[in-house]
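**Q** Kindly generate the corresponding structure for this input.
(chains A and B)
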Amino acid sequence: MKELRLMKGNEALAEAAIRAGADAYFGYPITPQSEVIEYLMRENPAERTGMVVLQAESEVAAINMVYGAAGCGKRAMTSSSSPGISLKQEGISYIAGAELPCVIVNVVRGGPGLGTIQPSQSDYFQAVKGGGHGDYKLIVLAPATVQETVDYVKLAFELAFKYRNPVMILSDGIIGQMMEKVELFEQQPRLSEEFDWATVGKKPGRDSVIVTSLQLQSEEQEKVNLRLQAKYRVIEKNEVRFESHFCEDAEYLFVAFGSAARISRKAMEMAREKGIRVGLLRPQTLYPFPVDEIHRLAGQVKGMLTVEMNAGQMVEDVRLAVNGKTQVAHFGRFGGMIPSPDEILNALQQKIIGG
Amino acid sequence: MAENLITPENLVYKKTDVLTDRILHYCPGCGHGTAHRMLAEAIDELGIQGDTIGVAPVGCSVLAYYYFDVDMTEAAHGRAPAVATGIKRVMPEKYVFTYQGDGDLAAIGTAETIHACNRGENILIVFINNGIYGMTGGQMAPTTLPGMKSSTSPRGRDVATMGNPLKMTELVAQLPGTYFVTRQSVHTPGNARKTKRALKKALEFQKLGKGTCFVEIVSNCPSGWKMTPVQSNQWMEEHMFPFYPLGDIKVPEE
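**A** Residues are numbered from 1 along each chain as shown, chains lettered A, B, ... in the order given. Next up, the predicted model:
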């Protein structure tokens, strides 16, 4: 049964959390994502599904509440925007180190510092390179539509539990604030399983469960790191997701994610009307990154332009994937500015075609 | 051989099963061991070992989960009350406790402590106050007494530049969310028994869902204070207790 609604991105995200069978949401208001907790409080999922919703005293507390609930084997989630996500990094590192599942949403705004409340993609590095201290990775999903935001909430919980790893949905202020038609999936049951890694109360005859990221012996900590790295290699093998538009005959390629990809698609159409064969590759997972596909396309196209609402972050991963096989340039607007299709097409002509 | 001597008729004391057999890493004379035992015995006597989830702090008791034989989570420094909130909210039928030192609870985790207490989270917070950072080697704590020497207040705590010691227990007693707030010690058998009674009472209250129970245990730190265990207990009685007087601060009305 299809359920179509016209919804704001942040509200659709909140509704998706309830429907994904989340057990708990802990959050703290920050623009441009406060609608998430507002919607949840209004909707009162305690009555619908028994889901817990709590407004924490800070983003730091919220992520640590997620840590506690995730350690019980529950579907726990938090959301915030850039400055708040910086505050959560300590907790995210602990969750990654303790190998717990959870979902973290970043509705990105411009930075650095307090920055601006307008949309941005300048938290790419923070999201895909770890963000907090220590060698760890988040699985990072980058929606480009309200529909994808909804679908990725369900996917994020599935991946989080499959790999016992935190998953980040890297949205932005455009997707969070705009309204689009969205098809909602049916209500999923909440988890009833008791996991043997979860703190649910010690059962007679089994050892107590300890959720920790602490290993005082270097040898043991190295083993933890090796286990994490092995897990990341499996994730890199299995979970790469991307969307290709007109890549088959492309002479030039835009590489862009999220909102920037939608604008780049328009620029691609404008280029094709002028007879310039441009394709668009849109990574849907930023980690793991579509390295192989970009490397393959590097052998086909005359150049690639990454289009980002930042000063040039994903371009570094594109260059690594291309590994010198073709020219790569970056075009970005930042600080809350949104590029226009014209600007993107101009940048392609100046930096790649004429370059 | 030794086990043959222990028969039900002559057994007068037995280590609680809520403590593991691991050898404690705490310094000789430190109060942590007794405080652990009192909490473990309280859990044992209430028969709730399988329904208890603990949260360990960062500090000397960072490895508390080695010793308590209950499911436990290791929190980031100061975040134990937030972690315990997350646990209790999704597992409301379980008994949840945090075990935190003064740096963890009253410095870096002040916000988490106050807000968990103010929300009246149905958890037990055990607060070990020895007025010093033990694990990192004897630096000044938020509860270090005026004039007290530490490695970061080598000429004694000067309140004019270093601030005043924080009476966290009196502070949380003011909050409507707390239900039972008390300050105890474990330096004599009598005091240890009183502490156990307080911990037991707090865990019993948790079942009623009336709010946060907060048990401070004023303790010693022979290594950090640079004293023998006996001297440190004397010093605690003479200096710590006048500033941090023992006794119940907030008790539920009968």
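**Q** Quick check: which element contains the residue of the stretch 1-150 of chain B found nearest chain A?
**A** Nearest residue of the stretch 1-150 of chain B to chain A, counting by CB to the nearest CB: B:Gly86, 2.7 Å away. All C-beta spots, glycine's among them, are computed from the backbone N, C-alpha and C. Following DSSP states H and E, one finds B:Gly86 within helix B:80-90.
**Q** hang on, the earlier thing: now for the residue of the stretch 1-150 of chain B closest to chain A: which residues touch it?
**A** Contacts for B:Gly86 (CB atoms under 8 Å, 6 or more residues apart in numbering or on different chains) come out as A:24, A:26, A:64-72, A:76.
**Q** if you look at those, which of them are in strands?
**A** Under the assignment DSSP state E, those contribute A:24, A:26, A:76 to strands.
**Q** can I assume the second one is in contact with A:Gly68?
**A** No. Taking contacts as CB atoms under 8 Å, A:Phe26 lies outside contact range of A:Gly68: 9.1 Å.
**Q** What is the nearest of the contacts of B:Gly86 to chain B?
**A** Comparing the contacts of B:Gly86 against chain B with CB to the nearest CB places A:Gly68 closest, at 2.7 Å.
**Q** and the longest helix along chain A, which residues are buried?
**A** When chain A is parsed with DSSP state H, its longest helix is helix A:218-238. Residues A:224, A:228, A:231-232, A:235-236 are the ones in helix A:218-238 that count as buried (16 or more other CB atoms under 10 Å in any protein chain shown).
**Q** Show me the strands in the stretch 151-300 of chain A, by range?
**A** Assigned by DSSP state E, counting those that start in this stretch, the strands in the stretch 151-300 of chain A fall at A:166-172, A:179-184, A:210-211, A:242-245, A:252-255, A:278-283, A:285-287.
**Q** and of those strands, who's closest to chain B?
**A** For these, the distance to chain B is smallest for strand A:210-211, at 4.1 Å, taking CB to the nearest CB.
**Q** what residues are up against residue 232?
**A** Defaulting to chain A. A:Tyr232 touches A:Lys137, counting by CB under 8 Å, 6+ apart.
**Q** Let me rephrase: I mean chain B.
**A** For B:Ser232, the contact set (CB under 8 Å, 6+ apart) comprises B:29, B:220-222, B:225.
**Q** for the lengthiest helix in chain B, packing partners?
**A** Secondary structure of chain B per DSSP H: the longest helix is helix B:189-208. With contacts taken as 3 or more CB pairs under 8 Å, 6 or more residues apart in numbering or on different chains; DSSP states H and E, helix B:189-208 sits against helix B:32-46, strand B:95-101, strand B:124-129, strand B:178-185, strand B:212-218.
**Q** Next, the angle strand B:178-185 makes with it.
**A** Angle of helix B:189-208 versus strand B:178-185, following axes from the mean of the first three to the mean of the last three CA atoms, to 10 degrees, is 170 degrees.
**Q** Just the C-alphas of helix B:189-208, formatted as PDB.
**A** In PDB, the C-alpha atoms belonging to helix B:189-208 read as follows (Å, rounded to 0.1, in the frame of the first residue of the first chain):
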ATOM      1  CA  PRO B 189      33.300  -1.100  59.300                       C
ATOM      2  CA  GLY B 190      30.400   0.900  60.800                       C
ATOM      3  CA  ASN B 191      30.500   3.500  58.100                       C
ATOM      4  CA  ALA B 192      30.800   0.800  55.400                       C
ATOM      5  CA  ARG B 193      27.700  -0.900  56.700                       C
ATOM      6  CA  LYS B 194      25.800   2.400  56.700                       C
ATOM      7  CA  THR B 195      26.900   3.000  53.100                       C
ATOM      8  CA  LYS B 196      25.600  -0.400  52.100                       C
ATOM      9  CA  ARG B 197      22.300   0.400  53.700                       C
ATOM     10  CA  ALA B 198      22.100   3.600  51.800                       C
ATOM     11  CA  LEU B 199      23.000   1.900  48.500                       C
ATOM     12  CA  LYS B 200      20.400  -0.800  49.100                       C
ATOM     13  CA  LYS B 201      17.800   1.800  49.900                       C
ATOM     14  CA  ALA B 202      18.600   3.700  46.800                       C
ATOM     15  CA  LEU B 203      18.300   0.600  44.600                       C
ATOM     16  CA  GLU B 204      15.000  -0.200  46.300                       C
ATOM     17  CA  PHE B 205      13.700   3.300  45.600                       C
ATOM     18  CA  GLN B 206      14.700   2.800  41.900                       C
ATOM     19  CA  LYS B 207      12.000   0.200  41.600                       C
ATOM     20  CA  LEU B 208       9.400   2.800  42.700                       C
END
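**Q** residues contacting A:Gly201?
**A** Counting by CB under 8 Å, 6+ apart, A:Gly201 makes contact with B:50-53, B:70-71, B:91, B:94.
**Q** B:Arg22 contacts B:Tyr67, correct?
**A** Yes. Here B:Arg22 reaches B:Tyr67: they are 6.0 Å apart, a contact under CB under 8 Å.
**Q** Please identify which of the two sits among more neighbours.
**A** B:Tyr67 (24 against 10; other CB atoms under 10 Å in any protein chain shown).
**Q** Could you double-check that that one sits in contact with B:Asp21?
**A** No. Contact criterion CB under 8 Å: B:Tyr67 and B:Asp21 do not qualify, at 9.5 Å.
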